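>>> Provide a 3D model corresponding to the input given below.
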Amino acid sequence: MKRVSAGLLIVAGFLWLYWPVMAKLVGAWATDDNYSHGFFIVPLAAYFAWERRRRFLAAPSRPSAFGLAVVIGSIFLLAAGVIGAELFITRISIIGTLVGIVLFLFGWNRLRVLFFPLAFLLLMVPLPAILFNQIAFPLQLLASQVGELTITAANVPVLREGNLLILPNTTLEVAEACSGIRSLVSLLTLGIVFGYFADRRPWVRTIIALSTIPVAILSNGMRVAGTGIAAHRFGPAVADGFFHEFSGWLLFIVAFLMMLGLQWLLLRAVPPPRHAVAMAGAQ
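Have a look, this model is predicted:
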């Protein structure tokens, strides 16, 4: 009974501290297309934690006072973020507080069991604007370069000036929304989840997750090229019409098929040991 009461007090205190932060975070997922995948992060993290429940209970429980220091430090971050109107810090402090609570109540051994679910929660936090812009602009240039090379290979005359693609009948701007950062963040999330379920070997999961970076860049460059070629063949209106929106969905499908192909190649090149397959089947 005491444990239940203590647990309810911790949950109530956590919600009291972070409810305004979480409400704004959910609002960001609902209004920012770059982070709409955030709605899936918490349920998936909860599933990953639930999947580890037996390992968690089997691990020795040695509460650590250092966890209390982590909680206090995270609350200071929350206060600093609120005072400085820095949303990123307040949102990151949510994960810090959760880590500190687990460490304080259960110790390092059980925290290690929950490391992946807790780290996975980082994907729900939008990047700070300064970092987002530092990533988005180089991606704009890369998408422009890939688009230029592909359009040229299709025998369509094109001149690139920065993130502008100048065609005979129109000029296309690879804007921030077309930089590919949206697909990169979403594909990274998808790659981590897909790798997690597709293969139990950590190195395979890591390769699949990291492959989303070049896959997102390449597929987005192809989207830019496809839009440019279509605008040249059928008129500038195509660049802003149904084709432009449809190509975004098509890009995501193509990128996912690339990840499937990579996983298949890895499976053929380095098949998992037989005992690993047997263990996976038993679970």
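
>>> distance check, Met222 against Ile41.
Separation of Met222 from Ile41 (C-beta to C-beta, to the nearest Å): 28 Å. (Each C-beta comes from the backbone N, C-alpha and C, glycine too.)

>>> let me redo that: Thr31
In terms of C-beta to C-beta, Thr31 sits 16 Å off from Ile41.

>>> tell me the domain ranges of this structure?
Using automatic domain parsing, the domain ranges for the chain come out as 2-126, 130-282.

>>> could those go into JSON lines alongside mean neighbour count and mean pLDDT?
Below are the domains of the chain laid out as JSON lines (neighbours: other C-beta atoms under 10 Å; pLDDT from 0 to 100):
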{"stretch": "domain 2-126", "mean neighbour count": "16", "mean pLDDT": "89"}
{"stretch": "domain 130-282", "mean neighbour count": "17", "mean pLDDT": "76"}
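
>>> residues in contact with Leu127?
88, 135 (C-beta atoms under 8 Å, 6 or more residues apart in numbering).

>>> so it, which state does it fall into?
Secondary structure assignment for Leu127 (DSSP: H, G, I helix; E, B strand; the rest coil): coil.

>>> can you map out the strands along this structure?
Taking DSSP state E as the test, the strands found in the chain are 159-161, 164-166, 171-173.

>>> okay, these in JSON lines with distance to Phe234 next?
Formatted as JSON lines, these follow (distance: least, C-beta to C-beta, whole Å):
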{"stretch": "strand 159-161", "distance to Phe234": "20"}
{"stretch": "strand 164-166", "distance to Phe234": "16"}
{"stretch": "strand 171-173", "distance to Phe234": "14"}
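
>>> and Ile130, which of those strands is closest to it?
Ile130 lies closest, by C-beta to C-beta, to one member of the strands of the chain: strand 171-173, at 22.6 Å.

>>> would you mind pulling the contact partners of that closest one?
Contacts for strand 171-173 (C-beta under 8 Å, 6+ apart): 163-165, 224, 227-228, 231, 239.

>>> inside helices: which ones of those residues?
If you go by DSSP state H, these have 224, 227-228, 231 in helices.

>>> adding distance to Ser5, write the residues you listed out as CSV.
Shown next, in CSV, are these (distance: C-beta to C-beta, whole Å):
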residue, distance to Ser5
Val224, 58
Thr227, 60
Gly228, 64
Ala231, 65
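
>>> of these, closest to Ala269?
Val224 (31.8 Å).

>>> ok, now which ones touch the closest residue to that closest one other than its chain neighbours?
Of all residues not flanking Val224 in the chain, Gly147 sits nearest, at 3.4 Å (C-beta to C-beta, 6 or more residues apart in numbering). By C-beta under 8 Å, 6+ apart, Gly147 lies in contact with 165, 174, 221-222, 224-225, 228.

>>> gap between the spatially most central residue of the chain and Gly195?
Central residue of the chain (C-alpha atoms, centre = their mean): Thr189, 3.6 Å from the mean position. Distance of Thr189 to Gly195, computed by C-beta to C-beta: 11 Å.

>>> overlap in contacts, these two.
In contact with both Thr189 and Gly195: no residue, using C-beta under 8 Å, 6+ apart.

>>> hmm, Gln140 is touching Val174, no?
Yes. Counting by C-beta atoms under 8 Å, Gln140 touches Val174, with 5.1 Å between them.
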